[in-house]
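*Asks:* got a structure for you, letters missing:
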């Protein structure tokens, strides 16, 4: 005689266990979603900063090439004669004579950096870049351990910001460079 014992199990999930499991899952999903959103925003911010840096690198390359080849001003192309570089408007404008004997002026207008060669102004920064706090400093009288000499140089400092995208992604960058003239005067 065999007796079959059938055991019935009452194992299951209680309502409290189900609510706790759903709560933990919700907290995990909200955390993962928040982290993902922060990573995406960080990447967008980095790309915007890289675009701004790239644009400013190009602008400074154009400016540097022309400033290095500037000539002595003999026709009063700015604020003084017999100088290579001249500033005006409290250092917000730079004047000089380029290698083609044209008067050149760099200045800021409508939040863009402009160049004016012989009366033909042209914006040299892209529309999506705002330029502010432009400052030119000119030094052309130096004294060394060997005595005085003049090798003029220009220091340019500005703040640039990418205006494309969301407001939270805007990151202004401050750029400064010093460019010396190739014209040595002893």
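*Replies:* Cool, got the structure. Just so it is clear, the model here is predicted, and its values are computed rather than measured.
*Asks:* If you rank every helix and strand of this structure by mean pLDDT, what lands last?
*Replies:* strand 142-144 (a mean of 57; mean pLDDT, DSSP states H and E).
*Asks:* all helices of the protein, in order?
*Replies:* Counting by DSSP state H, the chain has helices at residues 15-68.
*Asks:* low pLDDT regions in it?
*Replies:* By pLDDT under 70, the weakly predicted segments of the chain are 1-2, 6-10, 78-82, 141-150, 165-169, 183-186.
*Asks:* again, only using 80
*Replies:* 1-13, 72-86, 140-151, 164-171, 181-186 (pLDDT under 80).
*Asks:* What residues does the closest residue to residue 123 other than its chain neighbours make contact with?
*Replies:* Leaving aside its chain neighbours, residue 123 sits nearest to residue 112 (4.6 Å; criterion: CB to CB, 6 or more residues apart in numbering). All C-beta atoms are positioned from the backbone trio N, CA, C, and that covers glycine. Residues in contact with residue 112 (CB atoms under 8 Å, 6 or more residues apart in numbering) are 123-125, 127, 129-131.
*Asks:* please redo it, this time with the cut-off set to 7 Å
*Replies:* Counting by CB atoms under 7 Å, 6 or more residues apart in numbering, residue 112 touches 123, 125, 131.
*Asks:* quick check, nearest of the residues you listed to residue 50?
*Replies:* residue 125 (15.8 Å; CB to CB).
*Asks:* Do I have it right that that closest one meets residue 115?
*Replies:* No - Residue 125 lies out of contact with residue 115 (CB atoms under 7 Å); the separation is 10.1 Å.
*Asks:* Distance check, residue 49 against residue 156.
*Replies:* 20 Å (CB to CB, to the nearest Å).
*Asks:* more crowded one of those two?
*Replies:* More crowded of residue 49 and residue 156, by other CB atoms under 10 Å: residue 156, with 21 against 17.
*Asks:* Give me the buried stretch members for stretch 153-173, please.
*Replies:* 153-154, 156, 158, 160-162, 169-170 (16 or more other CB atoms under 10 Å).
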